[in-house]
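> quick one: sequence and predicted model below, then my questions.
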Amino acid sequence: MKKLLMLAAIFALVLTACPTDTTEKTKKETTLTISNNSNREIRSFTWNGQEGGNMEVGDTNTINIEPGSSYIYFMVYRGAKPPYPYWHRKIRTSEVISIIEGDKKIFTLLNSTIIIDIPTNKTYTFEEWAANPPSDGNWIHGG
């Protein structure tokens with residue numbers, strides 16, 4: 001009986017002495033940086049449902065994001081920076097931007113960036129679109 005109790009005590013000691021992994025797996029910071037190097041102000045941008053806010057010409061904005069794949073959507077003013085109330089329109093990148101965990105992705109919006117006008121599904125360079133935006137009734141009024 002003593003041997004059985006001794007064996008049980010040794011077994012319990014071995015189980016409690018074994019190292020366990022108590023380190024919590026931490027998520028790597030994942031970011032998307034948008035740099036507005038175009039000649040137009042951006043009202044807001046969205047990637048994969050995560051908003052990044054307004055951007056003046058020359059601004060850079062970094063947001064923490066969840067990994068995924070999405071177009072980058074922009075709201076762009078009609079004409080130069082307007083007085084309020086104003087009209088704006090939604091456009092998007094022509095390419096899907098994929099970001100994995102731990103990425104620090106940088107996207108630079110240039111006048112030469114290929115964009116899609118969402119209401120018409122037509123392709124333009126950002127400069128072409130800005131110089132001659134569509135004149136249909138798909139502008140959004142806001143203020």
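That came in fine, so what should we check first? Numbering: from 1, shown residues only.
> state the next helix or strand along the chain beyond the top strand by length along the chain.
Identified as the longest strand of the chain according to DSSP state E is strand 86-93. Next along the chain after strand 86-93, taking DSSP states H and E as the criterion, comes strand 97-99.
> for that following strand, enumerate the helices and strands it packs against.
strand 68-70, strand 104-109 (3 or more Cβ pairs under 8 Å, 6 or more residues apart in numbering; DSSP states H and E). Heads up, the C-betas are built off the backbone N, CA and C, glycines and all.
> out of those, which comes closest to residue 30?
Counting by Cβ to Cβ, residue 30 lies closest to strand 104-109 out of the helices and strands packed on strand 97-99; the figure is 7.6 Å.
> list the strands paired with the closest one, with their directions.
Partners of strand 104-109 in the sheet, by DSSP bridges, are strand 31-36 (parallel).
> ok now the partner strand, how far from the chain's centre?
8 Å (Cα atoms, centre = their mean, to the nearest Å).
> flag every buried residue along the helix or strand following it.
Toward the C-terminus, strand 31-36 is succeeded by strand 42-47 as the next helix or strand (DSSP H and E). By 16 or more other Cβ atoms under 10 Å, the buried positions in strand 42-47 come out as 42, 43, 45, 46, 47.
> could you list the residues in contact with strand 42-47?
Strand 42-47 is contacted by residues 32, 34, 36, 51-55, 61, 63, 65, 70-77, 88, 97, 109 when judged by Cβ atoms under 8 Å, 6 or more residues apart in numbering.
> quick one, which of these are buried?
When these are checked for burial by 16+ other Cβ under 10 Å, the buried set is 32, 34, 36, 52, 55, 63, 65, 70-77, 88, 109.
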